[in-house]
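> the sequence and its predicted three-dimensional model are supplied below.
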Amino acid sequence: MAQTKVDKNDYPLSAKRRELVRSATNKSLDDLTLDKVMAGSVTFDDFKTRPETLEYQGQIATSAGRPHIAANLRRAAEMTRIPDARILEMYNALRPYRSTKQEMLDMATELESKHQAPVCAALVREAAETYDKRGRLKR
């Protein structure tokens, strides 16, 4: 992912490392203005973040001694590669009693193989085991 290294001294990126913050469509922060929205030259997709930006934020969190926040940001980075509609389907499928254990395990495999999201896949596998132990799976 991101090859540039940052740390807590680079926080906030938008002020201290502005050149690193780009949208999913590769627009700079300067490209994302209300005037450009009103003119129609930027769209909703232009405001989506890139996985690299979330990785930088994860590096900053790690540097600041916040490993749990860093882990959340890295999972979020993986999720940027998953289509929005599929994210919503997965969200609903992960609610208690909505999926069988096998469906959850299949979702984890999809996350790993199709979306290159191994951290998210591990979380779904853990959820499948927990739901199984607590009787929260679809019967």
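Received it, and whenever you're ready, just let me know what you need. Numbers count the residues shown, from 1 in each chain.

> now the residue nearest the centre of the chain, nearest residue through space, not along the chain?
For the chain, the residue nearest the mean C-alpha position is residue 76 (1.7 Å; CA atoms, centre = their mean). Counting by CB to CB, 6 or more residues apart in numbering, residue 76 lies nearest to residue 54, which is 5.1 Å off, once chain neighbours are set aside. Just so you know, the C-beta spots here come from the backbone N, C-alpha and C atoms, and that holds for glycine as well.

> hang on, the earlier thing: what helix or strand does the residue nearest to the centre of the chain sit in?
helix 67-79 (DSSP states H and E).

> can you name the next helix or strand after that helix?
helix 84-93.

> just the C-alphas of that next one, formatted as CSV.
In CSV, the C-alpha atoms belonging to helix 84-93 read as follows (Å, rounded to 0.1, in the frame of the first residue of the first chain):
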residue,chain,number,x,y,z
ASP,A,84,-20.6,0.2,-1.6
ALA,A,85,-23.5,-2.1,-2.4
ARG,A,86,-21.6,-5.2,-1.3
ILE,A,87,-20.5,-3.5,1.9
LEU,A,88,-24.2,-2.9,2.7
GLU,A,89,-25.1,-6.5,1.9
MET,A,90,-22.3,-7.7,4.2
TYR,A,91,-23.3,-5.4,6.9
ASN,A,92,-26.8,-6.8,6.9
ALA,A,93,-25.5,-10.4,6.6
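
> tell me the angle of whichever helix or strand comes after it relative to helix 67-79?
Next along the chain after helix 84-93, taking DSSP H and E as the criterion, comes helix 101-113. Inter-element angle recorded for helix 101-113 and helix 67-79: 80 degrees (by axes from the mean of the first three to the mean of the last three CA atoms, to 10 degrees).
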